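**Q** can't give you the sequence, but here's the structure:
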């Protein structure tokens, strides 16, 4: 059973998707469904990168070298959270 869904795509992305679907001799709907299934399988069902799930890290698109240094920024974010969590727990104990 399928459910009709409408999505908004930037024009450039829609053109790329249509082109790829034609290259693979698939309908647009079939290509999008298969792409979504594949994406979900590759990410283990997780839809949000933990680096972007933390609102404390980036208020914009992030640094320009994020793709190359993803692990560095993720570690930095985790260290930042750990530091602030440990400071909070120390204040609770002394207060």
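**A** That came in fine, so what should we check first? Since the model is a prediction, treat every value here as computed from it, not as a measurement. Numbers count the residues shown, from 1 in each chain.
**Q** Local confidence estimate at residue 69?
**A** Residue 69 is assigned a predicted lDDT (pLDDT) of 85.
**Q** OK, contacts around it?
**A** By C-beta atoms under 8 Å, 6 or more residues apart in numbering, the contact list for residue 69 reads residue 63. All C-beta spots, glycine's among them, are computed from the backbone N, C-alpha and C.
**Q** go on, residue 17?
**A** By C-beta under 8 Å, 6+ apart, the contact list for residue 17 reads 9, 28, 31, 32, 35.
**Q** Can you say which helix or strand has it in it?
**A** helix 11-23 (DSSP states H and E).
**Q** list the buried ones in the following helix or strand past that helix?
**A** Per DSSP H and E, the first helix or strand lying C-terminal to helix 11-23 is helix 28-42. Neighbour-count burial for helix 28-42 flags 31, 32 (criterion: 16 or more other C-beta atoms under 10 Å).
**Q** Which other helices and strands does helix 28-42 contact?
**A** Using 3 or more C-beta pairs under 8 Å, 6 or more residues apart in numbering; DSSP states H and E, the elements in contact with helix 28-42 are helix 11-23.
**Q** Now do the helix it packs on, average pLDDT.
**A** For helix 11-23, mean pLDDT is 93.
**Q** So which of the contacts of residue 17 is the closest to residue 21?
**A** Residue 21 has its nearest neighbour among these in residue 31, at 3.7 Å by C-beta to C-beta.
**Q** measure that closest one to residue 37 for me?
**A** 11 Å (C-beta to C-beta, to the nearest Å).
**Q** Next, count neighbours for the residue nearest to residue 63 when sequence neighbours are not counted.
**A** Residue nearest to residue 63 in three dimensions, not counting chain neighbours: residue 73, with 7.1 Å by C-beta to C-beta, 6 or more residues apart in numbering. Residue 73 is flanked by 16 other residues according to other C-beta atoms under 10 Å.
**Q** Where does residue 73 sit, in terms of helix or strand?
**A** Judged by DSSP H and E, residue 73 forms part of helix 70-94.
**Q** Thank you kindly, that will do.
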